[in-house]
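> give the three-dimensional model of this entry:
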Amino acid sequence: METIYIKQGEKVEIGELVATIGFFDGVHRGHQYLIRNVVDEAHRVGMVSAVITFDEHPRQVLKASLGKEEDVNSRPELLSSLDEKLLLLSKTGIDKVIVLHFDVALADLSAREFMEDVLRNQLNVRKLFIGYDNRFGHNRSEGFDDYKRYGEQLGIEVIHNNAYLPDGEKISSSQIRTYIKEGDIVRANHCLGYDYTISSKIVSGFQNGHKLGFPTANLDINACQQLLPMRGVYAVMVQLDHSLVWKRGMMNIGKRPTFDGTKETLEVNIFNFEGNLYGQDVSIRFISKIRDERKFDSLEALSQQLEQDKHTINALFDRRHPMVDNIVEQ
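Take a look at the predicted model:
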């Protein structure tokens, strides 16, 4: 897969394209189904397959353009960073991913202007697959029938992609976000087609885990670009800098109520691991929520609960990967 970063107006010579367009947050199973159809059609007609996406979420750019402090500083609820999205797209078999710089000027284009100026003149799109619920152009006021009519005028065949309905359920990024906010990681992972993963950097913490016999690595919450699950304790897999190995662990998201904490923290205990992790980048793969966060009457009671949590998590992993402590990424 080749990744091409461009701005509006920059000409790219990559041949005739069969393409689809969207933000593709999370590259979930519905996105994967759409992209498979693009790849298959490109092979059939001898063209180049392409995903056209954006470097910033359109809604976030438009919010920031209004100049309100709460919008400029608000945390985007993304399922994947740009780098992670590109990694996920690289596994779909697509030939090209075109990352288009999204700004207010691009947002001001009507759907027809976008199709003519960007898709046809700039990128040479000849066939365009539209997701069942996808809309683009200024104010997203037009729909598939409009795109199809514009395509006939511009020499672009516009193809409607049916919804992907496993178990009769529509899969969408917004629904997956809802599951994650509710702590329903199992259902979120089912819709994604992989385990939900966040990335951050390890920073110094409160050192309370050492007192309990469960030393934790503290993640920089501000360095994490993705949506965080609801507060609670989770079974996770942990991947450290420059490693292909995912190790078992448990993660707490919350305010450390037993220690009268006031700030939201991300703490992960990596099973059977010793070493200094400060400053390392880390990826956390969520498997399942184990329990809610709660306040304990004593440190001893909390330590006993953590021991039970570890037992529960190891039993869960033993069912998934019998007799395997570390999973090597293929």
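> what pLDDT is listed against residue 304?
The predicted structure scores residue 304 at 90 on the pLDDT scale.
> what about it, neighbour count?
The number of residues packed near residue 304 is 13, by other Cβ atoms under 10 Å. In this view, the C-beta of every residue, glycine as well, is placed from N, C-alpha and C.
> ok, it to residue 214 distance?
Distance of residue 304 to residue 214, given as Cβ to Cβ, to the nearest Å: 11 Å.
> which one is the residue most central in space within the chain nearest to, not counting chain neighbours?
Ranked by distance to the mean C-alpha position of the chain (Cα atoms, centre = their mean), the top residue is residue 80 at 2.2 Å. Nearest residue to residue 80 in three dimensions, chain neighbours excluded: residue 26, at 5.2 Å (Cβ to Cβ, 6 or more residues apart in numbering).
> could you report the distance from that neighbour to residue 90?
Computed as Cβ to Cβ, the residue 26 to residue 90 distance reads 15 Å.
> more neighbours: which of those two?
residue 26 (28 against 14).
> OK, contacts around the more buried one?
Taking Cβ atoms under 8 Å, 6 or more residues apart in numbering as the criterion, residue 26 is in contact with 79, 80, 85, 88, 173, 176, 192.
> ok, those residues vs residue 223, which is closest?
Proximity to residue 223 was ranked across those by Cβ to Cβ; first place goes to residue 80, at 15.1 Å.
> so what pLDDT did the closest one get?
The predicted structure lists residue 80 with a pLDDT of 94.
> where do the helices sit along this structure?
Taking DSSP state H as the criterion, the chain carries its helices at 29-45, 58-65, 69-72, 82-89, 104-107, 111-113, 144-154, 173-181, 185-192, 208-212, 299-320.
> which among those helices is found nearest to residue 130?
Minimum separation from residue 130 across the helices of the chain (Cβ to Cβ) falls at helix 144-154, 5.7 Å.
> now do the buried residues in the closest one.
By neighbour count with 16 or more other Cβ atoms under 10 Å, helix 144-154 contains the buried residues 144, 146, 147, 148, 150, 151, 154.
> for that helix, which helices and strands make contact with it?
Helix 144-154 sits against helix 111-113, strand 125-130, strand 157-160, with contacts defined as 3 or more Cβ pairs under 8 Å, 6 or more residues apart in numbering; DSSP states H and E.
> now do that helix and strand 125-130, the angle between them.
On the basis of axes from the mean of the first three to the mean of the last three Cα atoms, to 10 degrees, helix 144-154 is oriented at 180 degrees to strand 125-130.
> residue ranges with poor pLDDT in the stretch 101-250 of the chain?
Along the stretch 101-250 of the chain, segments meeting pLDDT under 70 span 138-140, 205-213.
> in the stretch 201-330 of the chain, what residue spans correspond to strands?
Taking DSSP state E, counting those that start in this stretch as the test, the strands found in the stretch 201-330 of the chain are 217-219, 232-240, 245-254, 265-270, 281-291, 326-328.
> dump these into JSON lines; add mean neighbour count as well.
What follows is the strands of the stretch 201-330 of the chain, written out as JSON lines (neighbours: other Cβ atoms under 10 Å):
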{"stretch": "strand 217-219", "mean neighbour count": "24"}
{"stretch": "strand 232-240", "mean neighbour count": "22"}
{"stretch": "strand 245-254", "mean neighbour count": "21"}
{"stretch": "strand 265-270", "mean neighbour count": "22"}
{"stretch": "strand 281-291", "mean neighbour count": "19"}
{"stretch": "strand 326-328", "mean neighbour count": "14"}
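> any chance of the ones you listed in JSON lines with distance to residue 114 as columns?
What follows is those, written out as JSON lines (distance: least, Cβ to Cβ, whole Å):
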{"stretch": "strand 217-219", "distance to residue 114": "38"}
{"stretch": "strand 232-240", "distance to residue 114": "38"}
{"stretch": "strand 245-254", "distance to residue 114": "39"}
{"stretch": "strand 265-270", "distance to residue 114": "39"}
{"stretch": "strand 281-291", "distance to residue 114": "35"}
{"stretch": "strand 326-328", "distance to residue 114": "43"}
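> to residue 196, which of those lies closest?
Set against residue 196 and scored by Cβ to Cβ, these come closest in strand 281-291, at 4.7 Å.
> so which elements touch that closest one?
Contacts defined by 3+ Cβ pairs under 8 Å, 6+ apart place strand 281-291 against helix 185-192, strand 197-203, strand 217-219, strand 232-240, strand 245-254, helix 299-320.
> wait, residue 285 sits on residue 236?
Yes - taking contacts as Cβ atoms under 8 Å, residue 285 lies within contact range of residue 236: 6.1 Å.
> let me see the contact set for residue 229.
Counting by Cβ under 8 Å, 6+ apart, residue 229 touches 180, 181, 183, 185, 196, 253, 286, 289.
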